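Chemist: Let me see the structure of the following:
(2 chains)
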Amino acid sequence: MANWAELPHELLVLIAKHVKVIEDFIDFRAVCTSWRPAATKENFDVFSFKVPLLMLADKDDDYREFYSLSKGKVSHILYLPEAIRRECFPYEEWLFTMSYYEEFNLLHPFSRTQIQLLLQKALLALQGFVEVPKEEIYHIIDRAVLSVNPSRTSDYVLVVSYCTNVNHLTFWRLEILTG
Amino acid sequence: MASSTTGEKKILTLKGGDNEEFILEESLVLQSELLKNMVKEERVSSIPLPSIKSKTLVKIIEYLKKHAELTPSNKEEFKNFEKEFVNVVLEELLDITVAVNYLKINGLLEFCCQAVADRIKDKSVEAVRKIFRIESDFTPEEESEFRKETPEAFEGDLDDTTN
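Modeler: Prediction:
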């Protein structure tokens, strides 16, 4: 007679891997001695169906707060000087960050890994400028989207929608830029 | 012994735990990795499955037939069938999941495991133990220690491992 506490370990692992909510996963671990080793931290898929964190606005210091919609409160306060006074556009766990007079970057807020895009100069060159024109904000980026998560592959494309006098779309791929 | 044939279709007999026999086309059982290997290597025409109740075997054969008829046009119908398939009391879901795991019917196994995981959703440890009929076998010390685990502890690890 089969019994839920006596299932083969590999079957319990398979079941545990389908438990997608962290609170349920922790309960799963606390049921009995045979279930506990099936639900290890390695078996929890942290990127599955997680309610996203909301990154709160810049407070003019080196920290950024992240609001958890599932918990209804600020759940993470990260030391993130790379994001200070920069606009951020999210893509999965990455951020495209920009300021008007500095280079644009991709930033992974949890590890603080940063990828410099070398996009600023190229964008200027497309418009016939050598350096950022003083006195005026020469372009406004209103959207930046990645084709795939840079954690998985370096072969991704960044699409930036920006406005000078007319709207433009720019596609960026490892130093190959087309306007 | 060679498989018996009717026209071009090979026929195979599965014997459930209570010796009830099920006769079906061999092509259907190829969805099971275990049976596929048995059929290919030993050229058998009858396979005893003493650990699987006939009632469970009936359900699984029903699934194999539906799955074999799956086409892009009846996808929705199949999804509804799958939902109904696991909409059974927990004891029955247990028998089915164990049998499907043994038979290695991979698509259905994933679906059964999801169905089991769904039964755990939003329930306390006590509720899970009650509906799954599991007695805690932790020591009182372990019991109180494990109840103190928090999502933050897991997420803390996440922060360190996403480099």
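Chemist: which other residues reach the longest strand seen in chain B?
Modeler: Counting residues, the longest strand found in chain B (DSSP state E) is strand B:9-15. The contact list for strand B:9-15 (Cβ atoms under 8 Å, 6 or more residues apart in numbering or on different chains) reads B:3-5, B:21-27, B:29, B:35, B:39, B:44-50, B:57, B:61. For every residue, glycine as well, the C-beta is placed using N, CA and C.
Chemist: Give me the nearest residue to residue B:28, chain neighbours excluded.
Modeler: residue B:64 (4.7 Å; Cβ to Cβ, 6 or more residues apart in numbering or on different chains).
Chemist: which ones are touching that neighbour?
Modeler: Applying Cβ under 8 Å, 6+ apart, the residues contacting residue B:64 are B:24, B:28, B:29, B:31, B:32, B:105.
Chemist: mind putting those in TSV, pLDDT, secondary structure and neighbour count included?
Modeler: Written out in TSV, the entries for those read as follows (pLDDT from 0 to 100; DSSP: H, G, I helix; E, B strand; the rest coil; neighbours: other Cβ atoms under 10 Å in any protein chain shown):
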residue	pLDDT	secondary structure	neighbour count
B:24	93	strand	15
B:28	92	helix	18
B:29	93	helix	23
B:31	94	coil	19
B:32	95	coil	23
B:105	96	coil	23
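Chemist: tell me which of those is nearest to chain A?
Modeler: Within these, distances to chain A taken as Cβ to the nearest Cβ reach their minimum at residue B:105, with 12.9 Å.
Chemist: Check the gap between the closest residue to chain B within chain A and residue B:146 for me.
Modeler: Across chain A, no residue is closer to chain B than residue A:18, which sits at 3.6 Å (Cβ to the nearest Cβ). Using Cβ to Cβ, to the nearest Å, one gets 21 Å for the distance from residue A:18 to residue B:146.
Chemist: ok, now residue B:31?
Modeler: The spacing between residue B:31 and residue B:146, counted by Cβ to Cβ, is 39 Å.
Chemist: How about residue B:32?
Modeler: Taking Cβ to Cβ as the measure, residue B:32 falls 37 Å from residue B:146.
Chemist: go on, residue A:8?
Modeler: 22 Å.
Chemist: Compare the two and say which is more crowded by neighbours.
Modeler: Neighbours of residue A:8 and residue B:146, each counted by other Cβ atoms under 10 Å in any protein chain shown, are more numerous for residue B:146; the result is 17 against 13.
Chemist: Please read off the pLDDT at the more buried one from the model.
Modeler: Per-residue pLDDT puts residue B:146 at 87.
Chemist: Which pLDDT value belongs to residue 119?
Modeler: By default, I'm working from chain A. 79.
Chemist: not what I meant, chain B
Modeler: According to the model's per-residue confidence, residue B:119 sits at a pLDDT of 95.
Chemist: repeat for the one 5 residues further on
Modeler: At residue B:124 the predicted local distance difference test score is 90.
Chemist: Could you do residue A:81 as well?
Modeler: In this model, residue A:81 is scored at 91, pLDDT.
Chemist: With residue A:1 instead?
Modeler: In this model, residue A:1 carries a pLDDT of 54.
Chemist: Same check on the one 10 residues further on?
Modeler: Per-residue confidence (pLDDT) for residue A:11: 96.
Chemist: what's the closest non-adjacent residue to it?
Modeler: Counting by Cβ to Cβ, 6+ apart, the nearest residue to residue A:11 once its immediate chain neighbours are dropped is residue B:101, at 4.9 Å.
Chemist: and the helix or strand hosting that neighbour, what other elements does it pack with?
Modeler: With the criterion set as DSSP states H and E, the secondary-structure element containing residue B:101 is helix B:90-103. Contact here means 3 or more Cβ pairs under 8 Å, 6 or more residues apart in numbering or on different chains; DSSP states H and E; on that basis helix B:90-103 packs against helix A:9-17, helix B:33-42, helix B:54-68, helix B:106-120.
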